[in-house]
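A.B. asks: give me a model of this one.
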Amino acid sequence: MRALVVVNPAATTTTAKMRDVLVGALASELKLDVAETTHRGHGKELGAQAAAEGIDLVVSVGGDGTVNEVVNGMLENGPSPHLPTLAVVPGGSTNVFSRALGRSRDPVEATAEILESLRAGRTRLVSLGTASASGCSAAPVSGAAPPVAAARADADADAHATDWTPPRWFVFAAGLGFDAEVIARVEARRAAGRRSTGPLYVREATTEFLLGRVRRRPAMTLHLPGEPALEELFLCLVSNVSPWTYLGARPVNPSPEASFDAGLDVFALGRMGPVRMLHTLRQALAREPLPRGRGVHRRHDLEELSLSAGRPQGWQVDGDHLGTATGLRVRHVPAALRVIA
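C.D. replies: This is a model prediction of the structure:
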């Protein structure tokens with residue numbers, strides 16, 4: 001079996017020693033090529049190359065961002081039974097997709113599980129999602145002061161209001177609004193040398209909630225087929241798996257019914273203050289999560305949805321901030337990719 005191992009050396013927990021151990025274990029049973037990513041988008045290039053060359057197996061070693069790039073490359077021309085099978089070795093900070101597949105959090109143990117599944121022929125098809133955005137701008141992550149960045153985003157949104165980006169695949173989540181703004185804050189801290197940790201996300205989320213205008217001036221509207229529009233939202237999470245993310249070992253689970261075997265789930269929040277937000281967060285962190293209450297909107301097993309915004313909002317897929325947008329179209333794609341089970 002021919003396999004390509006895509007390693008992101010910049011991922012949070014990926015080290016040269018770990019890479020060598022993993023590659024050695026995989027090479028004992030596979031005809032192996034190894035490629036390290038060197039720039040943003042390189043994982044997508046390598047995934048597309050693997051699909052074009054008829055590689056049997058692609059192993060992503062890194063975080064969820066690495067998985068997303070590899071999958072977008074593999075699916076560049078859409079789903080096909082002739083695409084490589086995907087395996088994921090966790091090397092990031094949260095590794096949501098790997099954990100959703102049942103992989104161990106330890107990369108060496110996860111590699112052993114992958115090899116055992118390969119010997120047994122255990123694979124499965126999983127559903128994924130796609131997201132397209134309009135009114136796009138990358139200004140808010142360009143390093144400009146917030147007022148300058150907001151002005152640039154507004155100008156770009158006006159210039160590209162009717163232009164939709166090509167669909168971008170996501171494996172576990174997409175979002176518009178508050179969550180994307182938090183991710184942008186974390187990415188800025190990481191660019192300045194900070195390590196991605198649970199406390200860093202909590203700190204930046206708290207700052208954005210208390211000081212940011214996204215929550216204080218909700219500008220989003222959720223459009224669902226056959227339903228009235230839901231207006232004045234400041235957060236909208238679209239989930240393909242449960243949980244949505246983790247704080248260390250603790251799952252954050254706003255959409256507990258989300259599954260690879262169903263359509264997409266939505267969790268959206270309307271105007272609310274700190275006390276109600278803390279109550280909603282406690283519900284999502286509970287052992288048996290069931291977020292509900294005034295301003296909380298949940299939907300299960302959707303095939304499509306769209307979002308519009310009165311001003312530019314951050315948008316993200318699989319925890320990767322992609323700038324701002326004023327519109328988002330999201331679609332469910334069943335049986336999109338075969339993975340090692």
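A.B. asks: how near is Gln49 to Arg215?
C.D. replies: 42 Å (CB to CB, to the nearest Å). (Each C-beta comes from the backbone N, C-alpha and C, glycine too.)
A.B. asks: over to Glu29?
C.D. replies: Relative to Arg215, and taking CB to CB, Glu29 is found at 50 Å.
A.B. asks: tell me which of the two has more neighbours.
C.D. replies: Arg215 (21 against 13; other CB atoms under 10 Å).
A.B. asks: test my guess that that one contacts Phe234.
C.D. replies: Yes. Contact criterion CB atoms under 8 Å: Arg215 and Phe234 qualify, at 4.7 Å.
A.B. asks: find residues that contact each of those two.
C.D. replies: Common neighbours of Arg215 and Phe234 (criterion: CB atoms under 8 Å, 6 or more residues apart in numbering): Phe178, Arg271.
A.B. asks: and the strands in the stretch 1-150 of the chain?
C.D. replies: For the stretch 1-150 of the chain, strands defined by DSSP state E, counting those that start in this stretch occupy the ranges 2-7, 31-36, 57-62, 85-90, 123-134.
A.B. asks: looking at those, which is closest to Ala110?
C.D. replies: Distance to Ala110, taken as CB to CB, is lowest for strand 85-90 among these, at 5.1 Å.
A.B. asks: give me the angle between the closest one and strand 2-7.
C.D. replies: 30 degrees (axes from the mean of the first three to the mean of the last three CA atoms, to 10 degrees).
A.B. asks: buried ones in strand 85-90?
C.D. replies: Thr85, Leu86, Ala87, Val88, Val89, Pro90 (16 or more other CB atoms under 10 Å).
A.B. asks: report the contact partners of Arg99.
C.D. replies: Taking CB under 8 Å, 6+ apart, we find Arg99 in contact with Pro90, Arg105, Tyr246.
A.B. asks: any chance of CSV for these, columns distance to Val182 and pLDDT?
C.D. replies: Conversion of the contacts of Arg99 to CSV gives the following (distance: CB to CB, whole Å; pLDDT from 0 to 100):
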residue, distance to Val182, pLDDT
Pro90, 22, 95
Arg105, 23, 93
Tyr246, 15, 93
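A.B. asks: hang on, the earlier thing: Gln283 is nearest to which of the strands of the stretch 1-150 of the chain?
C.D. replies: Nearest of those (CB to CB): strand 123-134, 24.1 Å.
A.B. asks: roughly how far is the longest strand seen in the chain from the heart of the chain?
C.D. replies: Of all segments of type strand in the chain, defined using DSSP state E, the longest is strand 320-340. In terms of CA atoms, centre = their mean, to the nearest Å, the centre of strand 320-340 is found 8 Å from the chain centre.
A.B. asks: cool, and stretch 214-221?
C.D. replies: Centre to centre, stretch against its chain (CA atoms, centre = their mean), the figure for stretch 214-221 is 22 Å.
A.B. asks: cool, stretch 309-327 as well?
C.D. replies: For stretch 309-327 - counting by CA atoms, centre = their mean - the centre lies 12 Å from the chain centre.
A.B. asks: show me where pLDDT drops low in the stretch 151-300 of the chain?
C.D. replies: For the stretch 151-300 of the chain, applying pLDDT under 70 flags the ranges 151-161.
A.B. asks: all helices for it, in order.
C.D. replies: Counting by DSSP state H, counting those that start in this stretch, the stretch 151-300 of the chain has helices at residues 178-191, 198-211, 213-216, 274-285.
A.B. asks: what domains does the record give for this structure?
C.D. replies: Domain ranges of the chain: 2-121, 129-335, per automatic domain parsing.
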